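Visitor: Kindly return the folded structure for what I paste below:
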Amino acid sequence: KMGFAGYFLIVSDFVKHAKHNNIPVGPGRGSAPGSLVAYAIRITNIDPIRYNLFFERFLNPDRITMPDIDIDFCQEGRDEIIKYVTEKYGNDKVSQIITFGKMQAKAVVRDVGRALDIPYSEADRIAKLIPNTLNITLNEAIKIEPRLAQEEKNNPQIAKLLSLSRILEGINRHASTHAAGVVISDVPLVERVPLCSPKDDVVSQYSMNDIQAVGLTKFDFLGLKTLTVIKNTLNFIKESKGIEIDIENLPLDDKKTYDLLGKGETEGIFQLESSGMRDLTINLKPDRIEDIIALIALYRPGPMKMLPEFTARKQGKTKITYELPQLEAILKETYGIILYQEQVMQIASIIGGYSMSEADTLRKVMSKKKAADMDKEKPKFLEGAKKHKINENKARTIWEQMETFAEYGFNKSHSTSYAIIAYQTAYLKAHYPAAFMAALLTSEKDNRDKIIKYMSACKELGISILPPDLNESQRDFAISGENIRFGMAAIKNVGLSAVDSIISVRKEGKFASFMDFLNRVDLRKVNKRVIESLIKCGAFDSLRYKRNQLMQHYEEAMEEAQRNQKERQSNQSSFFDQLNSGVSSENNGINSYKIPDNVSEWDHKKLLSIEREALGFYITGHPLLRFADQLKYVTNSNSSNLNEKNDKDTITVVGVVSSISEKTTKRKDVMCYVTLEDLQGSMNIIFFADLYKKYYSLLHEEEPIVIKGTIDVGGGEETPKIIALEVTLLSKSLENPFKQVRFMVDTSRVSAEDLSQLISSIKKYHGKYDSYMHILNGKSETIVYLGDDFRLDINDKLRKEADSILGEGATIYSQ
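Guide: As a prediction, this is how the structure comes out:
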């Protein structure tokens, strides 16, 4: 009827090609899983009947736009799919789509400041006054932030900066290729749109909306890293255990999977690994797929305020009620709370008598808060309810609830699709943790902080990360029994050509000694820098050499090996004949340099330091590990949860200084930027000149330190910085006895029932220390002294029990 059958068939064709070529495809995305046809022809893998999804949310006669089926592909296979459609439909009929980056408020201030020769620090200071609100304009910022208005009023230079910035704000700043969009045409694209060719790609010069306006159809080919992780996990399982997992048909009631989520072991779990989501899974304890679907829909700014009520209802602490019996079938899976856009549509249909197409229109009107349109719809809904013999007051109450929840109701089709991927990753981690973590580490091999974070997670799971070994390591992370072996490609200064050369030679037999290694590998590829890095990270440890021993003598050994290789090239009875027979070079007549062994090994501290130099992080140990059980007593944050903090929050972190970058200010003072590494990753900390001078020696001691500071989210970076306030040695901080217990109560996730449970729980830990409750409500904080009846003992049991109620890290022991 709507003429979109061809569109479905095109999508079905390239999805089919991906699956036939072992390129993983996501189960669905957006509203497309609501289509039974998409499910029947294997575009999606979500049964819309099983999950109560609606076709009308995806497509209906009242919608004048083309259907929009977004497809997630394995990140490594996305380019292959684009290549396939290009070859199928023709180079002249397929292109990617341009996208334009605009001059947003912060960026335009910095750009205009540069053009006006205003010092960067000054323009940056003004930019940081602009609130971190998505798509905020300069005029909105000036209304919200009085300091910005004051600067404009009192400083002519800033007034000019802001005046010019307003003129340029919102214009296109630069062009790039859209991350997903591909256009496929029935005629050569040059007949419809202008094209350009950046970086050897063909790209339309019309953006996504303009492409559709001229009658062309765009398709979204998205690369999803998690699908690559799943693929690699399945390969590891097959290689190491001989088991083939049918990932699309997992049992959805697996207890081990839900137990893992309930314990908060969500590192690497799709959509569930942020610290906030981790706390939510611990509190909610999901035990069915519908709970995971709800988790993904709930964890957003709007619906987050429903979290305490949702959790209390699931756990039976609050009674579930329905305004009308008819609503139970619609709202039962979300414990009586309107959470999904599809539920709004169902209520409009069942209570208000709307067709599903009309209900979708109402859903859009409500979500966009169009007052005039809503005023038109309300009488229609009430009239429909009247025809269904529903009390007018009840109908008005239901309408108000729909208005409230529709503002931030989530697309259930999308949430269901991503919940399935989340469940798949949780299942693999629960049953095959080493394989899953090896695949996860491989996917993040270029992200130092993620590597540190996931290595820490491996330790918590009882999985050892084995150091690089020239006889065992592959290119990337690999399974070694129930542990994970570090890949050689992640070692600094060791390129892929050197790694591939080592692995290729090793196929003929493992290396028997350091000299055997040098005599057999291609020393043009495996050069001095490579050898040095391999030694520093411990790749030769299994051959029973000391790292210091090899570092002192490897150059002489290499010179001997180079002479041996030259002799072999001129000798017809070559080393390669013996190599083919599996004979090592130790006993094949080649001159073999004897490495002196009268050298002592570096001390443990230096071993770790040099290992970190070679790898970029610690692997066989960490300076903080011996303090691991005590860190919670002196910190309230770490590198993994900085994104959860608000601007100007005061935090305390601990770590080891990994780099210091000094900068001379206009006043000729020296300030610095410090990279502090903890067990989860790293943090960027700013020391202004006076503090840098005060704590200079502590920062250069190479000992673990505790830093108190404030969060700075104004720089536009993905992770906020910390402005340092105070530094102490960790060892000294741990010497001081704790004198207070503080419970951090976040009202957005802690219910009255939780507080009652906390009070009854902590009474049994009576002791001599004062206790306080910090009531956190948005940006306000109220501190309540709990009195003599709640003087408590300080121990780990109290902290764990209180944290299980309030959330991890909510119980703080202070001095």
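Visitor: Ile142 touches Ala149, doesn't it?
Guide: Yes: Ile142 is within contact range of Ala149, at 5.0 Å (criterion: Cβ atoms under 8 Å). (Glycine included, C-beta is placed from N, CA and C.)
Visitor: Between these two, which has more neighbouring residues?
Guide: Using other Cβ atoms under 10 Å as the criterion, Ile142 and Ala149 rank with Ile142 on top: 21 against 15.
Visitor: could you say which helix or strand contains that one?
Guide: When secondary structure is defined by DSSP states H and E, Ile142 falls within helix 138-144.
Visitor: Can you give me the buried ones in that helix?
Guide: Leu138, Ala141, Ile142 (16 or more other Cβ atoms under 10 Å).
Visitor: can you check stretch 333-340 too?
Guide: By neighbour count, with 16+ other Cβ under 10 Å as the criterion, the buried positions of stretch 333-340 are Glu333, Thr334, Tyr335, Gly336, Ile337, Ile338, Leu339, Tyr340.
Visitor: repeat for stretch 373-390
Guide: Buried residues in stretch 373-390, counted by 16+ other Cβ under 10 Å: Met374, Glu377, Lys378, Phe381, Leu382, Gly384, Ala385, Ile390.
Visitor: Just give me the closest of these to Lys510.
Guide: The shortest separation between Lys510 and any of the buried residues of stretch 373-390 is 73.2 Å, and it belongs to Met374 (by Cβ to Cβ).
Visitor: and the closest residue to the closest one other than its chain neighbours, what does it touch?
Guide: With sequence-adjacent residues excluded and distances taken as Cβ to Cβ, 6 or more residues apart in numbering, Met374 is closest to Val365, at 5.8 Å. For Val365, the residues meeting the contact criterion (Cβ atoms under 8 Å, 6 or more residues apart in numbering) are Asp373, Met374, Glu377.
Visitor: Give me the residues contacting the strand or helix carrying the first one.
Guide: Assigned by DSSP H and E, Asp373 falls within helix 371-387. Outside of helix 371-387, the residues within contact range by Cβ under 8 Å, 6+ apart are 348, 351-354, 362, 365-366, 392, 394-396, 398-399, 403.
Visitor: Kindly recompute the last result at 10 Å.
Guide: For helix 371-387, the external contacting residues (Cβ atoms under 10 Å, 6 or more residues apart in numbering) are 324, 347-354, 358, 361-362, 364-366, 368, 370, 390-392, 394-396, 398-400, 402-403, 406.
Visitor: Show the subsequent helix or strand relative to it.
Guide: Using DSSP H and E, the next helix or strand after helix 371-387 towards the C-terminus is helix 392-406.
Visitor: How about the helix or strand that that following helix is followed by, which residues are buried there?
Guide: On the C-terminal side of helix 392-406, the nearest following helix or strand under DSSP H and E is helix 412-431. When neighbours are counted by 16+ other Cβ under 10 Å, the buried residues of helix 412-431 are found to be 412-431.
Visitor: I'd like to know which elements helix 412-431 is packed against.
Guide: The helices and strands touching helix 412-431, judged by 3 or more Cβ pairs under 10 Å, 6 or more residues apart in numbering; DSSP states H and E, are helix 55-58, strand 70-74, helix 225-241, helix 255-262, helix 289-298, helix 341-350, helix 433-443.
Visitor: so where do the helices sit in the stretch 1-150 of the chain?
Guide: When secondary structure is read from DSSP state H, counting those that start in this stretch, the stretch 1-150 of the chain shows helices at 5-20, 36-40, 55-58, 78-89, 105-115, 120-129, 138-144, 146-154.
Visitor: closest one to Pro251 among the ones you listed?
Guide: Across the helices of the stretch 1-150 of the chain, closest to Pro251 is helix 36-40 (Cβ to Cβ), at 19.8 Å.
Visitor: Tell me the gap between that closest one and the middle of its chain.
Guide: Taking the mean of its C-alpha atoms, helix 36-40 sits 31 Å from the chain's own mean (Cα atoms, centre = their mean, to the nearest Å).
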